[in-house]
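Asks: structure, please.
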Amino acid sequence: MKEIYIGLAIFAAIIVLVVGLSLYNRYKLRNEVRYRWGRQPHQTRLDKEESLKHAWQTEKSFRHFESEVDDITWYDLDLFAIFDQINATYSSVGSEALYQRLRNFDLGKADQLETLIQFYQENPQLREEVQFQFARLGKQDNNFTKEYLAQGVKKEIGHFAQFALLGALPLVGLLLLLFGQGVGLVLMIGAILFNVVYYLMKKNQLETELNSMRYLVQTIAVAEKIAKLPLPDQKALKENLKPLKGIASWGFSFRAKGFSETEMFMEYINMIFMLPFLAYNFVLKKIGNHTQEAINLWELLGNQEVAIAILNFRTFMPLTSQPTFKDGPVHATDIYHPLVSGAVVNPVDWQKNTLVTGSNASGKSTYVKSIAISCILAQTINTALAKSFTLQPGHVITSMAVEDDIFEGDSYFIAETKSIKRLLDVVKGGQRCYCFVDEILKGTNTVERIAASASVVNWIHEYPSLAFVATHDIELTEILKNKCDNLHFGEEVTDENGVTFDYQVKKGPATSRNAIALLKVLHYPAELVANAQAEARYFDEHRSWQVLD
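Replies: Coordinates of the predicted model:
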C-alpha cells in the first residue's frame, strides 16, 4: 500500500511540475510581449524571405491586387530590411500577411486597416492579449498553409477507412482480452507493433505534410481564442470559424516534437492509434469543403497582426504620418530614409519630372530612395516617413541597383535597358506611375547615354506619370530644362576638412566642380590638378574638348 501512495505522489508531483512549467512559460511569454512593445522588432532566424515569398506567390493564385512591387523595385530599395523594421509579428500568419501587404496593394485603399490600428491604440490590454495568443502559436517557415488554401482538397494520406481500422485494432484486442479471450492479447500486441512500425515509415515520408497540418490546426485553435475577444472583427471571425468547427479538437494529434515525458507519451498514443493520419484526412476534407471561409479567416487573422505591427512601427520610428491622397503633385515635409541612422530630413515638391544632380555620397540617391519608399509605404501600410506626405495613388517602379546577369548572359547595359523597358511598359499603361532611376543608362558611352536618357525622360513626360532621376550628367539638366525641374546636392572641399556634405536638397542643377578641387586636397601632383582645371575651363568656354599635345 505504501508503494502505491509513493507512486501516486510521484505522479501528482510530475503533473504539478508540468503544469507549473507551462504556467511559468506563459508568464515569461507575456512579459516578453509587454517588454518588446514600442521597440524595433528583434528578428529571429525565422521569417526567411524564401518562405515568405513562396507564400505570397501562392496567395496571388487566389487573390488579385491592382499594383505590385516587383522584384527589381523590392531589392533596389532594400525593402526586406524595411520589412524587418516593421515586422513586430509573432506568427507566420502575421509575417506572411505583412510581406504580402508590402508587395501588393490596391490603388487608393491604403487606409483599410486604420480602424483596426486605432482600436488597438486605444485598447492596449486587448492588443497585448492578441499578441500573446499569436506568440503562443509562433512561427514556422515553409508551413505551406497558403497552398492548402489555394488548392482546396489535396491528395489524402492513404485512406481514412484504412487508418481507422488500424487504429481500432488495439482497442478490439483490449476488449477481447477484458472478456477473457486470450487471442485479444495477441491481437493487441501485434496491432501495436505493426502500427508503430507503419506509423514511423509513413511519418518519415510525410513529415512535411504533417508539420504543415500541425501549424494549420494550431492556427485555427488560436483563432477560436481570439474570436472570443471583443474585437472589431469578432463577428467576421466567428462566422468564418463556424464551418471549420471541430478542426481545433485534433490539435493534440499534431503536437510539436519534444523530449518531455508528456510529449513522448502523446507520441506513443499517436503511433498506436494512427491519430495524425486520421486527423490529417479529416482536416483536409473540412478545409477543402470550406476553402473560402478558411481564406477569409486567414486574412482576418493576418490583419490583426499587421495592424499591431504598423502601430508598433509608428511608435518607435522617429517621425511618421498618415498620408493624404489627392490628385496632383507629390508634396512632403521632413522626409527621410528609414535605414539611414541619423538621417537628414528634406522637403519634396514633385510637380513634374525631376533631375537631381550632385557628386557621389552627397545624398542624391538616398533622397530619391526615401521618396520611393514613402510612396510605397503610404499606399501599403498608410504610413509615410515624413512629417506630412501627399500624393496621388499610383504604381511605384525603380531602376537603380542594376547588375550584370550572368545566367541570362546579359551585360550591364543590356540588363539596364531591360530594367528601363519594364518601367516604360508600366507607364505606357496610362495609369499614374512613379518612376525612380539612379544613374540612367550609365552602361554606355557619354553621347549615346545622354541622348537616350533625355529621350526616355521626355517620353515619360507625355504620360500621367512622374519620373525622378538621379544623374551625374549635367548635360541633361540643360537639354531637359523646359521639361524637368532640377535639384542638386552639394559639398564643400577645404584643406582642413577635405570633403564635407550637408545632405540638404537645393533647387537648380549642380554647378560646383569640387571633384578637381578634391584632387588638390588629396595632394595629387600640382601639374596634374592644374591641367585638369584648364581642360574643364576650356570645355565650359567651347563646349568641346581640346586635343592634348
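Asks: quick check: closest non-adjacent residue to residue 372.
Replies: residue 436 (4.4 Å; CB to CB, 6 or more residues apart in numbering). For glycine as for every other residue, the C-beta is placed from the backbone atoms N, C-alpha and C.
Asks: so in terms of bridging, what pairs with that neighbour?
Replies: residue 398, residue 468 (DSSP bridges).
Asks: surely it is in contact with residue 370?
Replies: No: using CB atoms under 8 Å, residue 436 is not in contact with residue 370, being 10.3 Å away.
Asks: tell me the confidence at the residue nearest to residue 372?
Replies: We note a pLDDT of 96 for residue 436 in this prediction.
Asks: what do you get for residue 460?
Replies: For residue 460, pLDDT reads 93.
Asks: one more: the one 10 residues further on?
Replies: Residue 470 is assigned a pLDDT of 91 by the prediction.
Asks: strands of this structure, residue ranges please.
Replies: Here the chain has its strands, by DSSP state E, at 67-68, 104-105, 324-325, 330-335, 346-350, 354-357, 388-391, 395-399, 433-438, 466-470, 485-488, 491-494, 498-501, 506-507.
Asks: mean confidence for the second one?
Replies: Strand 104-105 comes out with an average pLDDT of 94.
Asks: partner strands of that strand and their direction?
Replies: strand 67-68 (antiparallel).
Asks: got a list of contacts for the partner strand?
Replies: 103, 104, 105, 106, 107, 379, 395, 396 (CB atoms under 8 Å, 6 or more residues apart in numbering).
Asks: for the residue nearest in space to the middle of the chain, give me its contacts.
Replies: Closest to where the C-alpha atoms of the chain average out (CA atoms, centre = their mean) is residue 99, at 2.7 Å. Going by CB under 8 Å, 6+ apart, residue 99 touches 52, 53, 55, 56, 83.
Asks: wait, isn't residue 345 in contact with residue 335?
Replies: Yes: at 6.4 Å, residue 345 counts as touching residue 335 under the criterion of CB under 8 Å.
Asks: which neighbours do those two share?
Replies: residue 386.
Asks: the more surrounded of the two?
Replies: For residue 345 and residue 335, the more surrounded residue by other CB atoms under 10 Å is residue 335, and the numbers stand at 26 against 18.
Asks: for the more buried one, name its beta-bridge partners.
Replies: Beta-bridge partners, per DSSP bridges, of residue 335: residue 346.
Asks: gap between it and residue 328?
Replies: 17 Å (CB to CB, to the nearest Å).
Asks: do residue 211 as well
Replies: 51 Å.
Asks: who has more neighbours out of these two?
Replies: For residue 211 versus residue 328, neighbours defined as other CB under 10 Å are more numerous around residue 211 (17 against 9).
Asks: make sure that one is actually in contact with residue 140.
Replies: Yes: between residue 211 and residue 140 there is a contact at 7.2 Å, judged by CB under 8 Å.
Asks: residues touching residue 124, list them.
Replies: Contacts of residue 124 (CB under 8 Å, 6+ apart): none.
Asks: can you pull the contacts of residue 101?
Replies: When contacts are counted by CB under 8 Å, 6+ apart, residue 101 touches 306, 380, 381.
Asks: find the nearest non-adjacent residue to the second one, please.
Replies: Counting by CB to CB, 6+ apart, residue 380 lies nearest to residue 105, which is 4.8 Å off, once chain neighbours are set aside.
Asks: was I right about the one you found contacting residue 64?
Replies: No: counting by CB under 8 Å, residue 105 stays clear of residue 64, with 11.8 Å between them.
Asks: more neighbours: which of those two?
Replies: Neighbour totals were compared for residue 105 and residue 64, and residue 105 leads with 25 against 8 (other CB under 10 Å).
Asks: that one pairs with what?
Replies: Beta-bridge partners, per DSSP bridges, of residue 105: residue 67.
Asks: so what's it up against?
Replies: 65, 66, 67, 379, 380.
Asks: great, nothing more from me.
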